[in-house]
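*Asks:* Below are the sequence and a predicted model for it; my questions follow.
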There are 2 protein chains.
Amino acid sequence: MRFSDAEWIVMEALWRGGGPSSRERSSARDVIERLGKQPGWAYTTVKTMLTRLVEKGAVTEERKGNVATYRPKVSRLAARKSAVKSLVERAFGGAYGAFVHHLVEGGPLSDPERARLRKLLADDAQDADGDSK
Amino acid sequence: MRFSDAEWIVMEALWRGGGPSSRERSSARDVIERLGKQPGWAYTTVKTMLTRLVEKGAVTEERKGNVATYRPKVSRLAARKSAVKSLVERAFGGAYGAFVHHLVEGGPLSDPERARLRKLLADDAQDADGDSK
DNA sequence: TACCGTCTTCTACACGTGTAGAAGATCCGT
DNA sequence: ACGGATCTTCTACACGTGTAGAAGACGGTA
């Protein structure tokens, strides 16, 4: 499942959901309001995006009366996984090793981010690893 | 600088260069040969890609006689940085923190890759970090 | 019931991408 | 100088993406 830039934006609005539960269904109107003035899209633009997302199976559509509501069928996590995988394939020849190396070495991470990554890994390393010298 | 899937493939062939120095210029023919039968593209397909890459400023073109040779103007590192940045923007709302968190937690890294990442960071941590407990 | 606001569907268009054929330009060997 | 191999440019076309207008359908209020 690949999303275009605009599709990511719409999916994000759906994932944010309306209420506390991200299982909420959202109408096109909801999505637009949730987006605010950021993209400044016309109503029909959002509607088109939603329709296309339904077509590609990323979102489910239901009707209440003559109003359609939408809910993501693909989780944010799954979408992100897929996006990262896609990136690694395109830009790193599928080599996660090269990807990881890039992030740690020449990557665009700032020092704080690198430190954060390091810290997270350090925490993570406490279980299931006998390498942490 | 955004590259499409096919453009990544061509750029990769250019970056691989012909010889030991990656400053080599490559002809369209070189590129095709270097690609092998993987994509199975027609000569003109590659030529079109190269022309488009020149148009978008990612590659320089020069002529020797009636043969054009190409050389990447954008480095692999720069392209990768840009690709990662783009991914983080699209899929993580620009938050590198969320990105890093994703990689370490729910990310698509296998245990060996995670371990490798950890190791690289550990090595990296030897300088400029007073956090490594 | 007539109407307005809102929602939906249909249609459109320009640009990017993947893919390549047709035809003209050029070079090397005979 | 001629011909075949090769290179170049031009053109094309289908599908995806960003963006949205036009017009029809519907539901609630006066």
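*Replies:* The structure has been received and is ready for your questions.

*Asks:* Stretch A:51-61 vs DNA strand C: in contact?
*Replies:* Yes: applying C-beta under 7 Å from any atom of the strand, one finds stretch A:51-61 in contact with DNA strand C at A:Thr51. For glycine as for every other residue, the C-beta is placed from the backbone atoms N, C-alpha and C.

*Asks:* what distance separates the start and the end of that stretch?
*Replies:* End-to-end span of stretch A:51-61 (C-alpha to C-alpha, to the nearest Å): 9 Å.

*Asks:* what about the residue in chain A that DNA strand C sits nearest to, which SS state?
*Replies:* When C-beta to the nearest atom of the strand is the measure, chain A has its nearest residue to DNA strand C at A:Ala68, with 3.2 Å between them. Assigned with DSSP: H, G, I helix; E, B strand; the rest coil, A:Ala68 falls in the strand class.

*Asks:* by contact count, what packs against the longest helix along chain A?
*Replies:* When chain A is scanned for its longest helix (criterion: DSSP state H), the result is helix A:76-92. In terms of contacts (3 or more C-beta pairs under 8 Å, 6 or more residues apart in numbering or on different chains; DSSP states H and E), helix A:76-92 is packed against helix A:5-16, helix A:96-104, helix B:5-16, helix B:76-92, helix B:96-104.

*Asks:* DNA strand D is nearest to which of those?
*Replies:* helix A:5-16 (3.2 Å).

*Asks:* Would the closest one count as contacting chain B?
*Replies:* Yes: when contact is scored as C-beta under 8 Å from any C-beta of the partner chain, part of helix A:5-16 falls within range of chain B: A:5, A:8, A:12.

*Asks:* So which of these is surrounded by the most neighbours?
*Replies:* By neighbour count, taken as other C-beta atoms under 10 Å in any protein chain shown, the most surrounded of the residues of helix A:5-16 next to chain B turns out to be A:Glu12 (19 neighbours).

*Asks:* from what I can see it touches B:Gly93, true?
*Replies:* Yes: the pair A:Glu12 / B:Gly93 is scored as a contact, 7.1 Å apart, by C-beta atoms under 8 Å.

*Asks:* that older thread, could the helices and strands packed on helix A:76-92 go into TSV alongside mean pLDDT?
*Replies:* Written out in TSV, the entries for these read as follows (pLDDT from 0 to 100):
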stretch	mean pLDDT
helix A:5-16	96
helix A:96-104	83
helix B:5-16	96
helix B:76-92	95
helix B:96-104	83
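
*Asks:* Distance to B:Ile32 added to the ones you listed, as JSON lines?
*Replies:* Shown next, in JSON lines, are these (distance: least, C-beta to C-beta, whole Å):
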{"stretch": "helix A:5-16", "distance to B:Ile32": "31"}
{"stretch": "helix A:96-104", "distance to B:Ile32": "24"}
{"stretch": "helix B:5-16", "distance to B:Ile32": "8"}
{"stretch": "helix B:76-92", "distance to B:Ile32": "20"}
{"stretch": "helix B:96-104", "distance to B:Ile32": "36"}
